[in-house]
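Q: Give me coordinates for this.
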Amino acid sequence: MSSRIPWRARARAGTALLAVLAGIGAFAVPGPAAAASPPESRQTVTYHGYRIEVPADWQVVDLAENPSACLRFDRPAVYIGEPADQNDCPAEVVGRTAGIVVEPITARAAGQATAATAQTQRGKAIAPSAASSNDTIQIAVEDAGVLVTAAHTPETESLVRGVLASAELTKGAERIELPRAGQRSDATPLAAAGPQPGSYLGKGFDACTAPSQSAMNAWQASSPYSAVGVYISGSFRGCAQPNLTASWVTSQTNNGWRLFPIDVGRQAPCTSYSLKMSTDPATAKSQGVTAAAGAITAASNLGIPAGSAIYSDIEAYTSTASCKAAVLSYLSGWTEGLHSSGYLSGFYSSAASGIKDAASEYNNSAYTRVDHLFYAWWNGAADTNTGSYAPSSYWSGHQRIHQYAGEVTESYGGYSINIDRDYLDVGNGTPPTPTCTGANLDFTAYTTVQSGSTGNLVRAAQCLLKAAGFDPGAPDGAFGPATTTATRNFQTSKGLTADGAVGAKTWTALLSRGSTPTIQNGSTGEAVTRLQRALTAALGRTVAVDGDFGSGTDQAVRDYQSSRALTVDGIVGSGTWDALQSGK
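A: Next up is the predicted model:
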């Protein structure tokens, strides 16, 4: 993504969305009083027996008629049909409004499904109301044989959910089931070949959307590039990612490509972007932690392991003291959130704004320093020199990526892609130790601790608060004012009563933090351990913490699901994780 996009282009995208929002009151999720309001200007879109009503100002793109169309979300649109290679997306697409892709369920489409993909009931086209979302809502409408991917920002989520709530099946609907993981013919383990990008010195490129497999094969054979930047997460990604699946990641890394994963989330508050971080440093830091959690989940779903670097894309801004403090606070939360799960943190920005600001506070202990720099300085030099923007001694241990040219189209092996050119000098580095490794988190009961409490439970709470980006001070086992403040701030971020005491709900939210893979009887590992601790807190009874999802854990999950009005299936998917991480 470019840090040099003309403000005029950005303003046009914002104006278009405002025009849409001005006439779509019927698409907000209505309350009782609004339910009787007549629908305003809208249009009906039907594909494969799946019908929705969208604002009249939205563009409708039939991919059968326009197979080379780029699926982009920087302007409101509906795309119907099977996406093509997506090699024609312009690199300069930035930002997001809202958009929906309705495509047939195929083997390729099935590769996009994750634990968060909702499924409609037989005879239904409307998604479950609890369909979860970080920045995208995905629904398998099997009775119409379509996979629906709906992108949004926090500001447009209710609009998008309203559109999805208008869905109906038509007489042309034909059922196609989404292949389940155990039914897929590809038995190859879906995981990257190792931490990404790993150790690499040389040229790479980034593009708005992950290129097709055929394009990647052609470029591998004849281009000068061996690394590719991919936009894996974030509520402000401009392009859809129909090619980006765990299988795609496995194929590229097995073929020798290095990946540098990118998250596009909240932008600096001193810009005109619609999605901005708070000017309050504490809130901005919390937003960074939240962004990291989403990126970790996305990386986990794609098979990108701990030890990898993930880069937060913050576009160019005109710096002020308060804006700088917000950005660096956000990056502190981003870094601490990634470190808590063993990932390295990266930061992409314009050399003249974000990178310059980060370098100016390199030794300031008030901020947690990012591990890698990824900077836009379009001087045409394929090197990692930062000039006057950052001293050469900063981030000098194979920790740099230079985006040295942007928005250029190159062709190799018959495939043209619009790219930004990058030069990488990166190394594996030392994967961060998860923040709470040194503290005991395993207890038979998580009793309430509050101001004045002392002991190992307090130390555990302090460690977990720190990992969540809420600094309680030194983890000394003494519940003092700093721990009370950190607890209240964490509770506020989760919508819990901010009483400053770590009780059952707060324990549950703290202990369940992290990635949210689907786990069930037979699963093992760190996610199971977190689950067992959180269930012990939530149910008020001891669940053995051994990292092994056996019959005892299965029963505890079912008891929890039943008591929280969740689907009782013993499977911990997005709905159960959401409830736990909300402190329910």
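Q: And the helices in the stretch 401-550 of the chain, which stretches?
A: Along the stretch 401-550 of the chain, counting by DSSP state H, counting those that start in this stretch, helices occupy 456-467, 481-494, 504-511, 526-539.
Q: Break down the stretch 351-500 of the chain into its strands, ranges please.
A: 372-376, 399-412, 415-426 (DSSP state E, counting those that start in this stretch).
Q: So which of those strands is nearest Thr492?
A: strand 372-376 (31.1 Å; Cβ to Cβ). From N, CA and C alone the C-beta is placed, and that goes for glycine too.
Q: Where does the prediction get shaky in the stretch 101-250 of the chain?
A: 128-133, 180-190 (pLDDT under 70).
Q: Can you pull out the residues in contact with stretch 576-584?
A: By Cβ atoms under 8 Å, 6 or more residues apart in numbering, the residues outside stretch 576-584 that reach it are 130, 132, 494-496, 505-506, 508-509, 512-513, 516, 531, 534-535, 538, 557, 560-561, 564, 566.
Q: show me where pLDDT drops low in the stretch 451-584 of the chain?
A: For the stretch 451-584 of the chain (pLDDT under 70), the answer is none.
Q: Show the end-to-end separation of stretch 87-97, please.
A: With Cα to Cα, to the nearest Å as the measure, the first residue of stretch 87-97 is 22 Å from its last.
Q: list the buried ones in it?
A: Asn87, Cys89, Pro90, Ala91, Glu92, Val93, Val94, Gly95, Arg96, Thr97 (16 or more other Cβ atoms under 10 Å).
Q: Now name the helix or strand holding Gln86.
A: Remark: Gln86 resides in no helix or strand, with elements defined by DSSP states H and E.
Q: Contacts only, for the closest residue in space to it that isn't next to it in sequence.
A: Leaving aside its sequence neighbours, Gln86 sits nearest to Thr209 (Cβ to Cβ, 6 or more residues apart in numbering; 4.6 Å). Contacts for Thr209 were tallied using Cβ under 8 Å, 6+ apart; they are Cys70, Leu71, Gln86, Cys89, Tyr231, Cys239, Ala240, Gln241, Pro242, Asn243, Leu244.
Q: any chance of the residues you listed in CSV, with secondary structure and distance to Trp378 too?
A: Output for the contacts of Thr209, formatted as CSV (DSSP: H, G, I helix; E, B strand; the rest coil; distance: Cβ to Cβ, whole Å):
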residue, secondary structure, distance to Trp378
Cys70, coil, 22
Leu71, coil, 26
Gln86, coil, 24
Cys89, coil, 19
Tyr231, strand, 19
Cys239, strand, 21
Ala240, coil, 26
Gln241, coil, 25
Pro242, coil, 29
Asn243, coil, 27
Leu244, coil, 26
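Q: Not counting residues beside it along the chain, what's closest to the residue located most distally from the centre of the chain?
A: The C-alpha centroid of the chain is most remote from Gly452, which lies 37.8 Å away (Cα atoms, centre = their mean). Nearest residue to Gly452 in three dimensions, chain neighbours excluded: Phe479, at 6.2 Å (Cβ to Cβ, 6+ apart).
Q: wouldn't the one you found be in contact with Ser453 here?
A: Yes: judged on Cβ atoms under 8 Å, Phe479 makes contact with Ser453 at a distance of 4.3 Å.
Q: ok, those two, which is more surrounded?
A: Phe479 (25 against 18; other Cβ atoms under 10 Å).
Q: The protein: helices as residue ranges?
A: For the chain, the helices defined by DSSP state H cover 7-22, 107-110, 157-165, 213-222, 246-254, 281-302, 321-339, 356-360, 456-467, 481-494, 504-511, 526-539, 551-563, 574-581.
Q: closest to Glu177 out of these?
A: helix 107-110 (9.6 Å).
Q: In the closest one, which residues are buried?
A: Arg108, Ala109, Ala110.
Q: Just give me the closest of those to Phe260.
A: Distances from Phe260 to the buried residues of helix 107-110, taken by Cβ to Cβ, are shortest for Arg108, at 23.8 Å.
Q: measure that closest one to Asn66 for me?
A: Taking Cβ to Cβ, to the nearest Å as the measure, Arg108 falls 19 Å from Asn66.
Q: again with Leu535
A: Per Cβ to Cβ, Leu535 is found 50 Å from Asn66.
Q: the more surrounded of the two?
A: Leu535 (26 against 12).
Q: From what I see, that one and Val557 are in contact.
A: Yes: with contacts counted by Cβ under 8 Å, Leu535 reaches Val557, the gap being 7.0 Å.
Q: Please enumerate the shared neighbours of these two.
A: Common neighbours of Leu535 and Val557 (Cβ under 8 Å, 6+ apart) do not exist.
Q: partner residues bridging Ser350?
A: Beta bridges link Ser350 to Ala376 when assigned by DSSP bridges.
Q: what about it, neighbour count?
A: Neighbour number of Ser350 under other Cβ under 10 Å is 21.
Q: quick one: it and Ala316 touch, right?
A: Yes: using Cβ under 8 Å, Ser350 is in contact with Ala316, at 3.7 Å.
Q: Return the distance of Gly397 relative to Ser312.
A: The gap separating Gly397 from Ser312 is 20 Å, by Cβ to Cβ.
Q: likewise Ile100?
A: Distance, Ile100 to Ser312, using Cβ to Cβ: 26 Å.
Q: Please apply the same query to Gly477.
A: Counting by Cβ to Cβ - Gly477 and Ser312 are separated by 33 Å.
Q: repeat for Ser41
A: Taking Cβ to Cβ, one finds Ser41 at 38 Å from Ser312.
Q: what's the answer for Ala381, then?
A: For Ala381, the distance to Ser312 - Cβ to Cβ - is 24 Å.
Q: More neighbours: which of the two?
A: Taking Ala381 and Ser312 together and counting by other Cβ under 10 Å, Ser312 has the greater number of neighbours (29 against 13).
Q: Next, format the strands of the stretch 351-500 of the chain as TSV and append mean pLDDT.
A: Converted to TSV, the strands of the stretch 351-500 of the chain look like this (pLDDT from 0 to 100):
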stretch	mean pLDDT
strand 372-376	97
strand 399-412	96
strand 415-426	96
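Q: so which of those is the most packed in?
A: strand 372-376 (a mean of 26; mean count of other Cβ atoms under 10 Å).
Q: which residues touch it?
A: Here strand 372-376 has contacts from 2-4, 260, 262, 309, 311, 316, 344-351, 354-355, 358, 386, 389-390, 395, 399-403, 406, 420, 422, 426, using Cβ under 8 Å, 6+ apart.
Q: likewise stretch 172-182?
A: Here stretch 172-182 has contacts from 46, 48-50, 104-105, 107, 110, 113, 117, 119, 140, 142-145, 147, using Cβ under 8 Å, 6+ apart.
Q: Just the buried subset of those residues, written out for ChimeraX, thanks.
A: Buried subset of the contacts of stretch 172-182, written as a ChimeraX selection, criterion 16+ other Cβ under 10 Å:
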select :48,49,50,104,105,110,113,117,119,140,142,143,144,145,147
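Q: Max pairwise distance over the contacts of Thr209: which two?
A: Cys70 and Leu244 (14.3 Å).
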